[in-house]
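Engineer: Quick one: sequence plus predicted model below, questions after.
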Amino acid sequence: MIPFRQETPKRRDIKTKVTKYSDHKNDLKLDYKCRCGYCNDIDVWRTTWYEIDHFVPQKYLKTIEETDYSNLVYACRSCNNSKRAHWPTENEFIHHKNDVGFIDPCNDEYEKQFQRDNKGRILHKTLLGKWMYYKLKLHKPQHEIIWQIEELDTLIEECEKFLENFHNEALKERLLYLYREYRNYTKQLGST
Ligand SMILES: [Zn+2]
């Protein structure tokens, strides 16, 4: 099995007052390293439109302000839409209870609830993980496809380095062509 993600995103302690929470989007993108907090998909592919999620939904905020940076999550449209205002405890300070509810993606405990199979498919490891898995629809195929594209990118980079000392010029040319075409198509996906 493969870990769900390689690192836990960390929010900076940003206290700057903003008029609307969307003013924090660039800071969130930076802190979440361009990944959705919930599914870890990187934000370069057109299948995911990135938004800002309130970890504790706005309707349950009593003392935390809706622009409070510590409650914001950089999230793909799929996770944001799936999570909606689900908040079983209905209390802004209790995130989960009896294996039902959410863990903040910036908490190391979040990734302990999930893992991946060798194709990158997300799997749940715990009962709380299972609850979040279905609420966030982490079974959607886009998550494993995006993970696999990143794996291919890494593999291609390794192959390109290897090819620098490769002496079969004809095959080298064909392989470089293949990589260029692959990047051309994935780039188009990202820009549409
Ligand atoms: Zn997501």
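Structural biologist: Cool, got the structure. This one's a predicted model, so the numbers in the text were calculated from it and none came from an experiment. Numbering: from 1, shown residues only.

Engineer: helices and strands of this protein: which one bottoms out on pLDDT?
Structural biologist: helix 169-191 (a mean of 86; mean pLDDT, DSSP states H and E).

Engineer: just checking, what packs against it?
Structural biologist: helix 141-163 (3 or more CB pairs under 8 Å, 6 or more residues apart in numbering; DSSP states H and E). (Each C-beta comes from the backbone N, C-alpha and C, glycine too.)

Engineer: what helix or strand is residue 33 on?
Structural biologist: Counting by DSSP states H and E, no helix or strand carries residue 33.

Engineer: between the least confident helix or strand of the chain and helix 141-163, how many degrees?
Structural biologist: If you take axes from the mean of the first three to the mean of the last three CA atoms, to 10 degrees, helix 169-191 sits at 150 degrees to helix 141-163.

Engineer: Tally up the residues packed near residue 144, please.
Structural biologist: 18 (other CB atoms under 10 Å).

Engineer: Hmm, it is touching residue 119, no?
Structural biologist: Yes. The pair formed by residue 144 and residue 119 meets the contact definition of CB atoms under 8 Å, at 5.7 Å.

Engineer: just to revisit the earlier point, give me the distance from the least confident helix or strand of the chain to the chain's centre.
Structural biologist: Offset of helix 169-191 from its chain centre (CA atoms, centre = their mean, to the nearest Å): 26 Å.
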